[in-house]
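Novice: Mind looking at a prediction? Sequence and model below.
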Amino acid sequence: MVLVVVAASAIDVLTALAGSEWRADAFELTQPPPGWVDFCAQQPSECAGPTTVPGELAISWGAWMDLVWINTWVNQTIKPLTDIEHWGVVDRWSYPDDGYGDCEDYVLLKQRMLIQSGWPREALLVTVVRNEKDEGHAVLTVTTDKGDYILDNENKNILLWSETRYQFVKRQSQADPNVWVSLSNQQRAIATVTSR
């Protein structure tokens, strides 16, 4: 019941924002995070695929409900565990198939589930941000005709990127998941994420 109420109020916001430009601007090509490179080396089929033409995903009520359901399910089902505790290494990107993971693992699972539900890969972008403590963190950016929305394991709500308190560092290109683009021309941040 709470999920439906939250989704209903969020879709009202989406309608009000129709036609607005609520996008995180990409500035230049940059290096992918080392964790992404290692993930692709371990699971090349997950990173392979043709380049695509970026486009806007028209977000409908049903699509919004998919986002809400998957974000909620993953956030409630996966238990947080740092890579040091889980794997004995500082940074390892993987699917949380054993029920444990850190931020990038939540992101990878959300991305995979949305793609399996029929969402286009070019609308689901793994993104590296800096949080309020200036720590690295990973979120999933969903690009739509209503703006760029953030799915985050640290926030149950799906927010426009501009409503978060994050500094956006880099994300996957819409055209190719293995090409990354810088989202800020401010001071460069280290391209790893913490366990959050």
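Specialist: Arrived safely.

Novice: alpha carbons only for contacts and neighbour counts from here, please
Specialist: Fine.

Novice: which helix is the longest one in the chain?
Specialist: Identified as the longest helix of the chain according to DSSP state H is helix 61-77.

Novice: Can you give me the buried ones in that one?
Specialist: Going by neighbour count (16 or more other C-alpha atoms under 10 Å), the buried part of helix 61-77 is Ala63, Trp64, Met65, Asp66, Leu67, Val68, Ile70, Asn71, Thr72, Val74, Asn75.

Novice: what number of residues lie near Glu85?
Specialist: 11 (other C-alpha atoms under 10 Å).

Novice: Please read the previous query as pertaining to Val89.
Specialist: Around Val89 there are 10 other residues, counting by other C-alpha under 10 Å.

Novice: pretty sure it is touching Asp83, no?
Specialist: Yes: if you go by C-alpha atoms under 8 Å, Val89 and Asp83 touch, sitting 5.8 Å apart.

Novice: would you list every one of the helices in the protein?
Specialist: Taking DSSP H as the test, the helices found in the chain are 2-16, 34-42, 44-47, 61-77, 83-87, 103-116.

Novice: any idea which of these is most buried?
Specialist: Among those, helix 103-116 has the highest mean neighbour count (mean count of other C-alpha atoms under 10 Å), at a mean of 22.

Novice: In terms of secondary structure, what does that one contact?
Specialist: Applying 3 or more C-alpha pairs under 8 Å, 6 or more residues apart in numbering; DSSP states H and E, one finds that helix 103-116 contacts helix 61-77, strand 124-130, strand 136-144, strand 147-152.

Novice: Give the partner strands of the shortest one in its sheet and their orientations.
Specialist: Yep, that's strand 147-152 we're talking about. Paired neighbours of strand 147-152 in the sheet (DSSP bridges): strand 136-144 (antiparallel), strand 155-160 (antiparallel).

Novice: so where's the protein shaky on pLDDT?
Specialist: Counting by pLDDT under 70, the ranges of the chain that qualify are 1-27, 50-51, 54, 184-196.

Novice: who are the neighbours in contact with the most centrally placed residue in the chain?
Specialist: Nearest to the geometric centre of the chain sits Leu140, at 0.7 Å (C-alpha atoms, centre = their mean). By C-alpha atoms under 8 Å, 6 or more residues apart in numbering, Leu140 lies in contact with Val107, Lys110, Gln111, Leu124, Leu125, Val126, Thr127, Ile150, Leu151, Asp152.

Novice: let's see it at 6 Å
Specialist: Going by C-alpha atoms under 6 Å, 6 or more residues apart in numbering, Leu140 touches Val107, Leu125, Val126, Thr127, Ile150, Leu151.

Novice: now Arg92
Specialist: So Arg92 contacts Gly35 (C-alpha under 6 Å, 6+ apart).

Novice: 7 Å - rerun?
Specialist: When contacts are counted by C-alpha atoms under 7 Å, 6 or more residues apart in numbering, Arg92 touches Gly35, Asp83.
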